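# The sequence isn't on hand, but the structure is:
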């Protein structure tokens, strides 16, 4: 299940200015077929993302880190754009996500980081 840090999630929602948000996903797969299970998860998650108006901007495989402590490299990254913070919450708290997609994600991953990012005003 997608485990969110309660205080951080509440602060994230409290700061919703209605503008789009991009969620950086840092992913470390299970060694025994995690990458394949993550592909299965994406197939289930994509309609849920579409339902809240989210778009997958980028998914890519990580190469060896050029500047990091040992163990800090990631197998893959994904950038998902949500129309606003509430849309991310709607997806994360959706019963279909919780009951079907979430367990698939958990089975695929050893570790993950969800880092919200926003466009820096110019």
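Structure's in. What do you need? Please read all numbers here as calculations on a predicted model, not as lab measurements.

# which helix in the chain runs the most residues?
helix 34-51 (DSSP state H).

# Run through the neighbouring helices and strands of that helix.
Judged by 3 or more C-beta pairs under 8 Å, 6 or more residues apart in numbering; DSSP states H and E, the packing partners of helix 34-51 are strand 21-29, strand 55-61, strand 76-82, helix 85-93, helix 102-108, strand 109-117. From N, CA and C alone the C-beta is placed, and that goes for glycine too.

# what do you get if the cut-off is 10 Å, keeping everything else the same?
Under the contact definition 3 or more C-beta pairs under 10 Å, 6 or more residues apart in numbering; DSSP states H and E, helix 34-51 sits against strand 21-29, strand 55-61, strand 76-82, helix 85-93, helix 95-96, helix 102-108, strand 109-117.

# Need these in CSV (columns: distance to residue 5 and mean pLDDT).
Shown next, in CSV, are those (distance: least, C-beta to C-beta, whole Å; pLDDT from 0 to 100):
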stretch, distance to residue 5, mean pLDDT
strand 21-29, 14, 96
strand 55-61, 24, 95
strand 76-82, 18, 97
helix 85-93, 12, 94
helix 95-96, 21, 89
helix 102-108, 16, 94
strand 109-117, 9, 95
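
# Distance to residue 48 added to those, as a markdown table?
A markdown table is the format used below for the helices and strands packed on helix 34-51 (distance: least, C-beta to C-beta, whole Å):
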| stretch | distance to residue 48 |
| --- | --- |
| strand 21-29 | 14 |
| strand 55-61 | 12 |
| strand 76-82 | 11 |
| helix 85-93 | 6 |
| helix 95-96 | 6 |
| helix 102-108 | 10 |
| strand 109-117 | 15 |
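
# Relative to residue 43, which of those is closest?
Residue 43 lies closest to helix 102-108 among the helices and strands packed on helix 34-51, at 9.1 Å (C-beta to C-beta).

# Tell me the buried residues in the closest one?
For helix 102-108, burial by neighbour count (16 or more other C-beta atoms under 10 Å) applies to 102, 104-105, 108.

# Most widely separated two among these?
Greatest spatial distance among these (C-beta to C-beta): 102 and 108, at 10.9 Å.

# who touches both of the two?
Common contacts of residue 102 and residue 108 (C-beta atoms under 10 Å, 6 or more residues apart in numbering): residue 41.
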